[in-house]
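K.L.:
what follows is a predicted structure for the sequence shown.
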Amino acid sequence: MKRRFHPSVVTANDLFEGHPVWRTAEGRWSATIREAEVLRDPETAEARLAAAASDAARVVGPYLAEVATAPQGPAPLHFREVFRVRGPAQASDRLDHLPGE
Amino acid sequence: MYAYSDFDESFVRDRVRQFRDQVERRIDGRLSEDEFKPLRLMNGLYLQLHAYMLRVAIPYGTLDARQMRQLAAISERWDRGYGHFTTRQNIQFNWPKLCDVPDMLDALADVGMHAIQTSGNCVRNVTSDHFAGAAADEIADPRPYAELLRQWSSDHPEFQYLPRKFKIAITGATADRAVTRAHDIGLRVVARDGAVGFEVSVGGGLGRTPMIGRIIRDFLPEADLVPYVEAVLGVYNQLGRRDNKYKARIKIAVHEMGLDTIRELVEARFAETRSEFPGAEAALAEIRAAFRAPDFRAGGTAIPSGSPAFRAWADTNLAPHRREDHAIVTVSLKTPGQQPGDASAGQMRAIADLAETFGYDEIRISHRQNVILPHVRKDDLPAVFEALAAAGLAAANAGLISDIIACPGMDYCALATARSIPVAQEIAVLFETLDLAHEVGPLRLNVSGCINACGHHHVADIGILGLERAGVETYQITLGGDPTERIAIGERTGPGFAADEIVGAVERIVTAYLELRDSADETFADAYRRLGLAPFQKALYSEESRENAA
């Protein structure tokens, strides 16, 4: 059975620094997930992912990540994506820009 | 210790120049990521969850003070002021920027270091006993053999694209502190009729299919080391499965084809190619000169008395040296609450200072993610302890439950399926708070954040494996693993535990051990061998024990 599509964002790693980035509606790459464009249907998601894949001069390994939507912006669902947003547990390495935190 | 020859220097500098050009071409678009990725991996550069990660080889875990200071300087200039020592005697920098990596590699080359073959399907950093050259039970220093293998395997044209990565470990002592039989090739120095040679095991490994290496040769003469290892690699290169990366390691070939078949093939190839090798005598003599023992100064034959803190540290963090007036010091990188294996730049410099002042300029890195000062005069131990305490490095827990091996897990690693560092931190802090670690005694607790088992959970008294189950972190427990010459793979206890249950589960196991042991002298490992899995399963899963622990 085909899996139901869930609202998603396009995410990747920055080519130069390696940190996680999220694609905005303007086609920019933001270091903040709350600026990401939320993709609500599979056709749009695939189109945005294809566009991201052609942006190899700026990012590495784009993929779709499922999100919950909230007034302050999208928030990751899977715990791996939560850690990508939040950064490592080590205090000096934390990023602490999870929406709503 | 071994110093780069002109050949080594030129080879490493050439590789840095090549990589600088490759980075430039990736940034200006002449190389795609698909083209660039294998090139960066061949130079130790991974892209992890939050950043690039540079893995630097520390051959057979041996460093000097100058190299340790350079690692500190690199961490401050191009990273975040710390480094992470790994279970393969490497160091990883977690935050380099792509454009800085060629400069980091040049800085490493300045002190005879590099990141070559720390990734990819090639022969990786040859690991060794971290007490090498110092241990009281040593038959021969294994590092000259490891260096011989490093020289042979570096950029070996036949073995740069193996079916899968290939790991070799070697020990020269009767006690196996290098987990040799969990490696693709394990080498144990043995003496027979006055001659030194090796017991060779093949097909060991951890990961998703843990296997104990099988003895393929019970005595390999020293002179045959390189041609025999090359014969094993040659057979593996042809037989290893390239169709399925999960079945590509040599352990699967040994398992599927049988040891006898592999042995026959290896011996046939060895017989065919042996005469092409010039013999190791001259090369080994030259290498051995670089590993000459230091000019030891006499020290006291007893460990000096000192404060209770010093005595507690001396009880756990010292090991017998081959000279009665010296000791081997384990510098714990496991202060409870800290990230296992991490050292700040300041701590690296403090260790370098101690190595120069008290340790004949020798440092080792252990696969247990600690630092070793292999030669310290007993008279100097109080001064070493005081300096370590001032640097936050005097945790008295080597070999205890808080001396936890933990892979980077999902805090850093892109392959991880769960976190391992916070689990290790919570367990270490719990037993520190309860002041129980010394009462529990020797106990190896290892944590891996995925099935690849970089945290060696299979060979721990208590092994913890972090997995994802239905979108949440789940932790499986194995018991009874053993990394030593009595090597054993741990047995799984049963269903896993959620992230907020795993620390309590470990506490129930340890409480059960304290209740079940014959005496304080019966270690966890011995008690487990006597009792088996059942009483610990009961402690873990019965309603009664859960309620008592709540």
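P.N.:
All right, it came through fine. Numbering: from 1, shown residues only, chains lettered A, B, ... in the order given.
K.L.:
remind me, longest helix of the chain?
P.N.:
Went with chain A since none was named. helix A:42-53 (DSSP state H).
K.L.:
let's do chain B instead
P.N.:
Chain B, longest helix under DSSP H: helix B:6-27.
K.L.:
contact partners of the following helix or strand past that one?
P.N.:
Sequence-wise, the next helix or strand downstream of helix B:6-27 (DSSP states H and E) is helix B:33-42. For helix B:33-42, contacts defined as C-beta atoms under 8 Å, 6 or more residues apart in numbering or on different chains pick out A:56, A:60-61, B:19, B:22-23, B:25-26, B:31, B:46-47, B:101, B:116-117, B:119-120, B:122, B:160. Bear in mind the C-beta positions are built from the backbone N, C-alpha and C, glycine included.
K.L.:
measure the closest residue to residue B:210 other than its chain neighbours to chain A for me?
P.N.:
Spatial nearest neighbour of residue B:210, chain neighbours left out: residue B:458 (4.4 Å); criterion: C-beta to C-beta, 6 or more residues apart in numbering or on different chains. As judged by C-beta to the nearest C-beta, to the nearest Å, residue B:458 and chain A stand 24 Å apart.
K.L.:
and for the closest residue in space to residue B:51 that isn't next to it in sequence, the neighbour number?
P.N.:
Excluding the flanking residues, the one nearest residue B:51 by C-beta to C-beta, 6+ apart is residue A:18, at 4.0 Å. Counted with other C-beta atoms under 10 Å in any protein chain shown, residues neighbouring residue A:18 total 23.
K.L.:
again, but for residue B:59
P.N.:
Neighbours of residue B:59 (other C-beta under 10 Å): 24.
K.L.:
surely it meets residue B:132?
P.N.:
No. Using C-beta atoms under 8 Å, residue B:59 is not in contact with residue B:132, being 11.4 Å away.
K.L.:
what ranges does chain A have for its strands?
P.N.:
For chain A, applying DSSP state E gives strands covering A:8-14, A:20-23, A:29-30, A:59-68, A:75-76.
K.L.:
what helices or strands is the host helix or strand of residue B:144 leaning on?
P.N.:
Per DSSP H and E, residue B:144 falls inside helix B:143-153. Packing contacts for helix B:143-153, counted by 3 or more C-beta pairs under 8 Å, 6 or more residues apart in numbering or on different chains; DSSP states H and E, involve strand B:127-128, strand B:168-171, helix B:225-239, helix B:281-290.
K.L.:
cutoff 7 Å now
P.N.:
When contacts are defined as 3 or more C-beta pairs under 7 Å, 6 or more residues apart in numbering or on different chains; DSSP states H and E, helix B:143-153 sits against strand B:168-171, helix B:225-239, helix B:281-290.
K.L.:
any residues touching the shortest one, and which ones?
P.N.:
When contacts are taken as C-beta atoms under 7 Å, 6 or more residues apart in numbering or on different chains, the neighbours of strand B:168-171 outside the stretch itself are B:123, B:126-129, B:142, B:145-146, B:149, B:177-180, B:183-189.
K.L.:
that strand: partners in the sheet, and parallel or antiparallel?
P.N.:
Sheet pairing of strand B:168-171 (DSSP bridges) gives strand B:127-128 (parallel), strand B:185-192 (parallel).
K.L.:
deepest of the ones you listed, which one?
P.N.:
strand B:127-128 (a mean of 30; mean count of other C-beta atoms under 10 Å in any protein chain shown).
K.L.:
quick check: mean pLDDT across that strand?
P.N.:
Mean pLDDT, strand B:127-128: 98.
K.L.:
if we can go back for a sec, which secondary structure elements does the longest helix of chain B sit against?
P.N.:
Helix B:6-27 packs on helix B:33-42, helix B:101-109, going by 3+ C-beta pairs under 7 Å, 6+ apart.
K.L.:
out of these, indicate the one that is most buried.
P.N.:
Comparing those by mean count of other C-beta under 10 Å gives helix B:101-109 as most buried, with a mean of 20.
K.L.:
look up how far chain A lies from the residue positioned nearest the centre of chain B.
P.N.:
Centre of chain B computed as the mean C-alpha position; nearest residue by C-alpha atoms, centre = their mean is residue B:367, 2.4 Å away. Per C-beta to the nearest C-beta, residue B:367 is found 22 Å from chain A.
K.L.:
low pLDDT regions in the chain?
P.N.:
Unless you meant another one, I'm taking chain A. Scanning chain A for pLDDT under 70 picks out A:1, A:91-101.
K.L.:
switch to chain B, please.
P.N.:
B:1, B:546-550.
K.L.:
domains of it?
P.N.:
In terms of domains, chain B is parsed into B:6-109, B:134-289, B:308-390, B:405-549 (source: automatic domain parsing).
K.L.:
for residue B:105, list the residues it contacts.
P.N.:
Contacts of residue B:105 (C-beta under 7 Å, 6+ apart): B:16, B:19, B:43, B:114, B:115.
K.L.:
mind checking which of the domains of chain B is nearest residue A:40?
P.N.:
The minimum distance between residue A:40 and the domains of chain B falls on domain B:405-549, with 21.0 Å, by C-beta to C-beta.
K.L.:
so how far is that closest one off the chain centroid?
P.N.:
Between the centre of domain B:405-549 and the centre of its chain there are 19 Å (C-alpha atoms, centre = their mean, to the nearest Å).
K.L.:
what backbone torsions are found at the residue of the stretch 401-550 of chain B found nearest chain A?
P.N.:
Nearest residue of the stretch 401-550 of chain B to chain A (C-beta to the nearest C-beta) works out as residue B:411 at 3.9 Å. Torsion angles at residue B:411 (phi, psi; degrees, to the nearest 10) stand at phi -70, psi -30.
K.L.:
next, count neighbours for the residue nearest to residue B:296 when sequence neighbours are not counted.
P.N.:
Closest residue to residue B:296 apart from its sequence neighbours, by C-beta to C-beta, 6+ apart: residue B:323 at 6.0 Å. For residue B:323, the count of nearby residues is 17 (other C-beta under 10 Å).
K.L.:
and residue B:323, helix, strand or coil?
P.N.:
Here residue B:323 is coil, with the state taken from DSSP: H, G, I helix; E, B strand; the rest coil.
K.L.:
count of neighbours near residue B:322?
P.N.:
Around residue B:322 there are 16 residues (other C-beta under 10 Å).
K.L.:
report the contact partners of it.
P.N.:
Counting by C-beta under 7 Å, 6+ apart, the residues that residue B:322 touches are B:134, B:135, B:136, B:138.
K.L.:
mind checking how far it is from residue B:328?
P.N.:
9 Å (C-beta to C-beta, to the nearest Å).
K.L.:
one more: residue B:482?
P.N.:
Distance, residue B:482 to residue B:328, using C-beta to C-beta: 21 Å.
K.L.:
again with residue A:89
P.N.:
32 Å.
K.L.:
could you do residue B:463 as well?
P.N.:
26 Å.
K.L.:
more neighbours, the two?
P.N.:
residue B:463 (29 against 22).
K.L.:
confirm the more buried one sits in a strand?
P.N.:
Yes. Checked against three-state DSSP, residue B:463 lies within a strand.
K.L.:
no more questions from me, cheers.
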